[in-house]
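[1] give the three-dimensional model of this entry:
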Amino acid sequence: MDAQRTLRRQISCVGIGLHSGNKVNLSLKPAPANFGIRFRRTDLGDHEVPATVQHLAGIQLATGLARNEVSVETVEHLLAALVSMNVDNVLVELNSPEVPIMDGSAAPFIYLIQEAGLKQLQAPRKYLKIVRPVAISKGDKRISLYPSDHFKVTYSISYDHPLLRHQSRTLRITEESFIEEIAPARTFTFLKDVEMLRQNGLALGGSLENAIVLGETGVLNNALRFEDEFVRHKILDAVGDLALVGYPVIGHLVAHRAGHALHTEFAAKILEEAHCWRLVEGADAAVASVGVPVKASAPHLAN
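    Take a look at the predicted model:
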């Protein structure tokens, strides 16, 4: 059986919120089958926010979730690490409104998951398999999902910058490929935007230790980890944002200059276009081509 997974044991870390600048204590805890991924704000009476599109909140340079009066921000890097490691069920506890930025990539979260270990549960994993194309566009920004026998991402970016004019990459996303080729890619920003962000109360925890900062002619801080680290980080963001559909996706994601706002809008559109996908389970999920249409929601996650 292709079974659901959780963590073998609890693991914790301390970091800084990228936009808030606050110190954050974060713990990842094992959870039972069909629990899904949920965030719990321990500073607000243990209220939980499920990681689903139904709980999307304001998207401002990062992905946020909210339920009732409780919110959690900058969830995408952690979500990308969890879903790429096939962690279906986990409780994420934090004592601040924002997931810590760590080094600006998903690699520290991969390390935490590996240190905690993985445990199989007695329940089958369900996949959302794309059977008809789904697409959305806004001006020159666009994103689509096409039928495929596995999860693959093609992403392209284009900026008016001498170091970052155009980058494109296609990659089949597996545990191994994500760990080696995507997880270490860091978030990036432009020096000219940093002061504006801080005047608007954002990037207060940003530094040369947790983001690539681009000046007019090049990178101001550490050497790049990959020649095309920028587009790799966009793939990381897309994987994390797409996790909000509530199931692992089987399909080919193609995006151009999309970003968090379009990623998350697209995740909601996927669930609305229920005729374009089927829920399949078990070891045959990757090659299944038929199934029973289901309600466009994530029933194994709390609402």
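[2] low-confidence bits of the stretch 51-200 of the chain, can you list those?
    Scanning the stretch 51-200 of the chain for pLDDT under 70 picks out 59-60, 195, 197-200.
[3] so who does the residue lying farthest from the centre of the chain touch?
    Here the chain reaches farthest from its C-alpha mean at T217, the gap being 29.9 Å by Cα atoms, centre = their mean. T217 makes contacts with P162, L163, as judged by Cβ atoms under 8 Å, 6 or more residues apart in numbering. The way it works is simple: take the backbone N, C-alpha and C, and place the C-beta from them, glycine included.
[4] which of the helices or strands spans it?
    Counting by DSSP states H and E, there is no helix or strand that carries T217.
[5] what residues of stretch 216-231 count as buried?
    The neighbour-count check on stretch 216-231 (16 or more other Cβ atoms under 10 Å) flags V219, L224, F226, D228, E229, F230, V231 as buried.
[6] next, the distance between the ends of stretch 44-58.
    19 Å (Cα to Cα, to the nearest Å).
[7] follow-up on the earlier one: check the buried residues of stretch 216-231 against E93 and report the nearest one.
    The nearest member of those to E93, counting by Cβ to Cβ, is E229 at 30.5 Å.
[8] next up, the contacts around the residue nearest the centre of the chain.
    Closest residue to the average C-alpha location of the chain: G240 at 1.0 Å, with Cα atoms, centre = their mean. G240 sits next to T63, V75, E76, H77, L78, L79, A80, A81, V83, A106 when contact means Cβ under 8 Å, 6+ apart.
[9] mind doing that once more with 10 Å?
    Neighbour list for G240: 51, 63, 74-84, 106, 260, 263 [criterion: Cβ atoms under 10 Å, 6 or more residues apart in numbering].
[10] distance between the ends of stretch 12-26?
    Span of stretch 12-26 from end to end, Cα to Cα: 6 Å.
[11] quick one: which of the contacts of G240 is nearest Q114?
    The closest of the contacts of G240, once distances to Q114 are taken by Cβ to Cβ, is A81, at 9.9 Å.
[12] secondary structure, distance to Y146 and pLDDT added to the buried residues of stretch 216-231, as JSON lines?
    Below are the buried residues of stretch 216-231 laid out as JSON lines (DSSP: H, G, I helix; E, B strand; the rest coil; distance: Cβ to Cβ, whole Å; pLDDT from 0 to 100):
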{"residue": "V219", "secondary structure": "strand", "distance to Y146": "34", "pLDDT": "86"}
{"residue": "L224", "secondary structure": "coil", "distance to Y146": "30", "pLDDT": "91"}
{"residue": "F226", "secondary structure": "coil", "distance to Y146": "26", "pLDDT": "95"}
{"residue": "D228", "secondary structure": "coil", "distance to Y146": "23", "pLDDT": "94"}
{"residue": "E229", "secondary structure": "helix", "distance to Y146": "26", "pLDDT": "95"}
{"residue": "F230", "secondary structure": "helix", "distance to Y146": "24", "pLDDT": "95"}
{"residue": "V231", "secondary structure": "helix", "distance to Y146": "19", "pLDDT": "97"}
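[13] distance to F188 added to the residues you listed, as TSV?
    What follows is these, written out as TSV (distance: Cβ to Cβ, whole Å):
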residue	distance to F188
V219	9
L224	10
F226	12
D228	12
E229	8
F230	6
V231	10
